[in-house]
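> Quick check, what structure comes out for this input:
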Amino acid sequence: MKLEGLFALLIIGLASTAYAYDSKDASRLKNKGDCIGCDLRNLKMQSDVMPGSNLSNSTLRDSQLKSINLKGAQLTGADLRRADLEKANLENADLTNAILRGTDLEKAILSGAKLIKADLRDTDLENIQAINSNFLEADIRNANMKRGNFSQAIFKNTRMSDVNLKRSIAVGADFSNARMKNTKFKRANLEGAKFIKTNLALANFYRANLSNTDFTGADLSDTILREANLSGANLEEATELTQAQLRYACGDASTRLPTGLLIHDCIR
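I've put the predicted structure just below:
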């Protein structure tokens, strides 16, 4: 074998060692259920049951954790980049300041979870259950949130530009002060949601249920409202809203609009 080939194999071997989990940390986790600040990269623990575990500040990058039960777990500051958490149970887990960039959370349960200031950029959140979850000040840019249930969730002060929320349910969710430029809400159910002072420039609400929503102070520059239901919605103090945007939307007698703008009634 040529010297170049031997050198390449050495580099690959060193890289594999560098990114493997610490065996002592893995044993500690499996035996005690807790492992604070541990190195658990590339760990495989699919379908394991470890509710209430403490994995704060641990590194779990690229780990295979599909269908794992971490209900009520402490994962504050944990590094879960690119981890496979599909169908995982993270109900009531604390993921404050966790790094979940590029993580697969499809069909996971996150109801009641804390994701305050978490990094969720490019994360797959399709079909998840996140009722009453707290995403305060999280970074969720470019995430896939299609068909998820985010009812009563808190998204205040989040960064959510270019997010896909198509066909999602976010009844009563609070998106106040969020930056949601170019976010897709097609056919989403957002009844009673709050978009107070939210940046919704270029957002798409095609056929969305926006009944009883609050857009006080929201930026609606070039926002698409085609066939959206705005019955009972408050857009009175929304900015950059034009009559052209309301042409194909509908509302009712309780829809509040800026002075001079009109909306036709929804057909019942």
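> gap between Thr239 and Phe215?
Shown here: Thr239 relative to Phe215, a distance of 9 Å by CB to CB, to the nearest Å. From N, CA and C alone the C-beta is placed, and that goes for glycine too.
> And the two? Which one has more around it.
Phe215 (26 against 14; other CB atoms under 10 Å).
> got the contact list for that one?
By CB atoms under 8 Å, 6 or more residues apart in numbering, the contact list for Phe215 reads Phe195, Ile196, Thr198, Leu200, Ala233, Asn234, Leu235, Glu237, Ala238.
> out of those, which are buried?
Buried subset of those (neighbour count, 16 or more other CB atoms under 10 Å): Phe195, Ile196, Thr198, Leu200, Ala233, Asn234, Leu235, Ala238.
> Looking at those residues, which is nearest Asp265?
In terms of CB to CB, no member of those lies closer to Asp265 than Ala233, at 13.2 Å.
> Could I get the pLDDT score of the closest one?
In the prediction, the pLDDT value recorded for Ala233 is 98.
> if I read this right, it contacts Arg256, doesn't it?
Yes - when contacts are counted by CB atoms under 8 Å, Ala233 is listed as touching Arg256 (7.2 Å).
> if we can go back for a sec, any chance of the buried ones among the contacts of Phe215 in a markdown table with distance to Asp124 as columns?
As requested, the buried ones among the contacts of Phe215 are arranged in a markdown table below (distance: CB to CB, whole Å):
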| residue | distance to Asp124 |
| --- | --- |
| Phe195 | 24 |
| Ile196 | 28 |
| Thr198 | 24 |
| Leu200 | 23 |
| Ala233 | 31 |
| Asn234 | 33 |
| Leu235 | 32 |
| Ala238 | 32 |
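> Filter those residues down to just the ones in helices.
Counting by DSSP state H, no part of those is found in helices.
> what about Gly112, how many residues close to it?
For Gly112, which is what you asked about, the neighbour count (other CB under 10 Å) is 18.
> doesn't Gln129 make contact with it?
No - applying CB under 8 Å, one finds Gly112 not in contact with Gln129, separated by 9.8 Å.
> so who does Cys250 touch?
In this structure, Cys250 makes contact with Glu227, Ala228, Asn229, Leu230, Ser231, Ile263, His264, Asp265, Cys266, Ile267, judged by CB under 8 Å, 6+ apart.
> of the buried ones among the contacts of Phe215, closest to Gly37?
Distance ranking of the buried ones among the contacts of Phe215 against Gly37, using CB to CB, places Thr198 first at 36.8 Å.
> Pull the contacting residues for the closest residue to Asp48 other than its chain neighbours.
Sequence neighbours aside, Ile68 is the residue nearest to Asp48 in space, at 5.2 Å (criterion: CB to CB, 6 or more residues apart in numbering). The neighbourhood of Ile68, defined by CB under 8 Å, 6+ apart, consists of Met45, Gln46, Ser47, Asp48, Val49, Met50, Leu85, Ala88, Asn89.
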